[in-house]
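make a model of this:
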Amino acid sequence: MKGNLLRLVAATIIVSVTPPSWQALADNAWPNDPERTHLRPELQWDWGHTYSGVAIDSQPLNTLLASMLNSYRFTLPVVQLERGISYRGASSRLRHVVGRMLNGHNVHVGVVGGSISWGHGATKRGEKDWFSHFSKWLIDAFPRSNITARNGCVPGVPSSYMILCLEQSLNYEDVELVFVEFNLNDGIAETIVNPQVQGMERLIRRILALPKRPAVVLLQTPSHGMAAYPVDHPKHAPGMEHKLFYTTLEDVEGAVAQYYDVQMLSLRTALYRLAVFKQVEGFLWEQTFWDIHPGDQGHRIMADLAVYLIQQTALGMLLRPFGPEDEEAFMEPLPDPMYPNNRPPDTPMCIMYDTFKPMMVESQGWDFLDEGTPGKPKVGFVATTPGSRMVIRLNTDRSQTGQLPQSRVAIWVQHLKSYEHMGVAEFRCISGCQCEPHQEDAHIAQRVSQLYVFRMDVTQSAACDVEVEVLPATTSGEHKFKVAGVVIEEGADKNYLSTVYRQGNGEFGMSEHNGNRAQLVRTREGLTGDIRRLLRAVRGWYRR
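Numbers count the residues shown, from 1 in each chain. Predicted coordinates:
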């Protein structure tokens, strides 16, 4: 009985993560074998006695920063580490947060990005992906500081999605250091002025404007086809395109990095000399990349870049302590956008979980409930009887973003659909804004229960009141309806979700944001959101 229960629980909660494979024609050239991208301990090195001859107030640097300098072994040669820092700048915000870690303050660190930083390509997510390598080192390197490192990445989405739902991926009130990795997912463009880089600017502005004035580090990865061989090369994988060094958005995004003085790391530049020019064993494309995602060796090299940046910043703090000029730069307000009128809204756009609860201004028959499990909340307003009504108040004003006053803004309503118990509700604008009424049937034939979205186009208003009423009609025989949140688009010309839901509705499939998959969080006590820890907890509960 015990074994059957555990197998049932495991089958229910385990999510298998398998990195995407090469196209079938490429299998013979680059077989998908994890051994191909395994770590290379024989290439690793550390600082050793490098800094023993350098002292501050008669104390050797390798003693002052022993926990930081002696707790990590690099794979990249030091020259390539330096090449991989595409832009360092004044680093005022980064120096500020490194100083806080050196002084033992509590610090929140995060990463937003796509499947690479989520952990695809690594054989063991939570252990061998680059952010796990980095966050484990960071916690050891600053023993006086309580560091919380959160992986808020969502596979398969571009930066334009994260502009909307940033708050769902970061501890936005507390975060002080954010890595951003979207270069692969954002694709490439033929022009300097392009929507991808404009979107990246808006995302950077959103992060820089968070309460703790976080430092931002762009971590750029090779674009599709760059970590591959040309057609005339004996290692060319049939069916795979090959891109040249310059075929990437990262150089244009370098202007954004310099404009805002945010640091930028380049995996492309760090590896290219070794993989292409010198063809050094252990650094070849097929030894560092699983497919378009780095393998274990590639993830470790990405961590090298992040660790090296923090180490060099800390060394710089000893040689030139954080001073009044740094403080002035740290406190500066954001400049006007580099691209004219390229501002994101200054109000929340992806309103879910506890942030959705205050949006309700009137209610009759609705309750705010959590129908999930520990670690995987599934909250929202729930009603079960016809005639139940509530009013949610939303800010759809987009005047500061350069939108025409008469243009409408898309609202994507997140709601539960299921094969049982569900009913029909009508959504209508009743005050402050206008829209076409919308009826939604939450009953589906497929035997699943999951979040969906539908679209409503509303006029702009700082207080747009939308009424939701459960109707007597039903196709299931019951009347339950659950509203889990809303996503309010940036504006009529910045409507990312419209490219995903071309029919105006569909499953809200971002598992890290819909409650289906926990985000990984690491502290000094260990890793949370890890399926293995959840299984151990279940086993412990069952034994009791």
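
which intervals of the stretch 51-200 of the chain have sub-threshold pLDDT?
Along the stretch 51-200 of the chain, no part satisfies pLDDT under 70.

which residue ranges form the helices in it?
Assigned by DSSP state H, counting those that start in this stretch, the stretch 51-200 of the chain shows helices spanning 61-64, 66-69, 78-84, 92-102, 115-118, 130-141, 159-165, 183-186, 195-208.

do the stretch 251-400 of the chain as well
267-272, 285-288, 296-319, 324-331.

thinking again about what came up before, the helices of the stretch 51-200 of the chain into TSV, with extra columns for mean neighbour count and distance to L177?
C-beta: built from backbone N, CA, C; applies to glycine. Listed next are those as TSV, based on neighbours: other Cβ atoms under 10 Å; distance: least, Cβ to Cβ, whole Å:
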stretch	mean neighbour count	distance to L177
helix 61-64	18	22
helix 66-69	17	15
helix 78-84	18	18
helix 92-102	22	5
helix 115-118	26	14
helix 130-141	24	9
helix 159-165	25	16
helix 183-186	24	19
helix 195-208	22	10
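
I figured T269 hits E82, correct?
No. Here T269 lies out of contact with E82, judged by Cβ atoms under 8 Å, at a distance of 10.0 Å.

so F368 touches T355, yeah?
No. F368 is not in contact with T355 according to Cβ under 8 Å; the separation is 11.9 Å.

returning to that earlier point: out of the helices of the stretch 251-400 of the chain, flag the one nearest T123.
Judged by Cβ to Cβ, the one of the helices of the stretch 251-400 of the chain that comes nearest to T123 is helix 296-319, at 5.6 Å.

just the buried positions in the closest one, please.
Neighbour counts using 16 or more other Cβ atoms under 10 Å place 296-317 of helix 296-319 among the buried residues.

with stretch 465-482 instead?
Buried residues in stretch 465-482 (16+ other Cβ under 10 Å): 465-471, 474, 476, 479-482.

for it, measure first residue to last.
For stretch 465-482, the first and last residues are 18 Å from each other (Cα to Cα, to the nearest Å).

quick one: mean pLDDT for it?
Mean pLDDT, computed over stretch 465-482, is 98.

next one: stretch 496-511
Model confidence over stretch 496-511, given as mean pLDDT, is 82.

pull the CA atoms of that stretch into PDB?
Presented in PDB, the C-alpha positions along stretch 496-511 are these (Å, rounded to 0.1, in the frame of the first residue of the first chain):
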ATOM      1  CA  TYR A 496       3.100  40.000 -27.300                       C
ATOM      2  CA  LEU A 497       0.300  37.700 -26.100                       C
ATOM      3  CA  SER A 498      -1.600  38.400 -29.300                       C
ATOM      4  CA  THR A 499       1.200  36.600 -31.200                       C
ATOM      5  CA  VAL A 500       0.700  33.600 -28.900                       C
ATOM      6  CA  TYR A 501      -3.100  33.500 -28.800                       C
ATOM      7  CA  ARG A 502      -4.000  34.500 -32.300                       C
ATOM      8  CA  GLN A 503      -7.600  33.300 -31.800                       C
ATOM      9  CA  GLY A 504      -8.000  35.500 -28.700                       C
ATOM     10  CA  ASN A 505      -7.900  32.600 -26.300                       C
ATOM     11  CA  GLY A 506      -6.000  29.500 -25.200                       C
ATOM     12  CA  GLU A 507      -4.200  27.700 -22.400                       C
ATOM     13  CA  PHE A 508      -2.000  29.900 -20.200                       C
ATOM     14  CA  GLY A 509       1.000  27.500 -20.500                       C
ATOM     15  CA  MET A 510       3.800  29.400 -18.700                       C
ATOM     16  CA  SER A 511       4.200  26.700 -16.100                       C
END
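
in the stretch 151-300 of the chain, which spans are strands?
Here the stretch 151-300 of the chain has its strands, by DSSP state E, counting those that start in this stretch, at 175-181, 215-220, 263-266.
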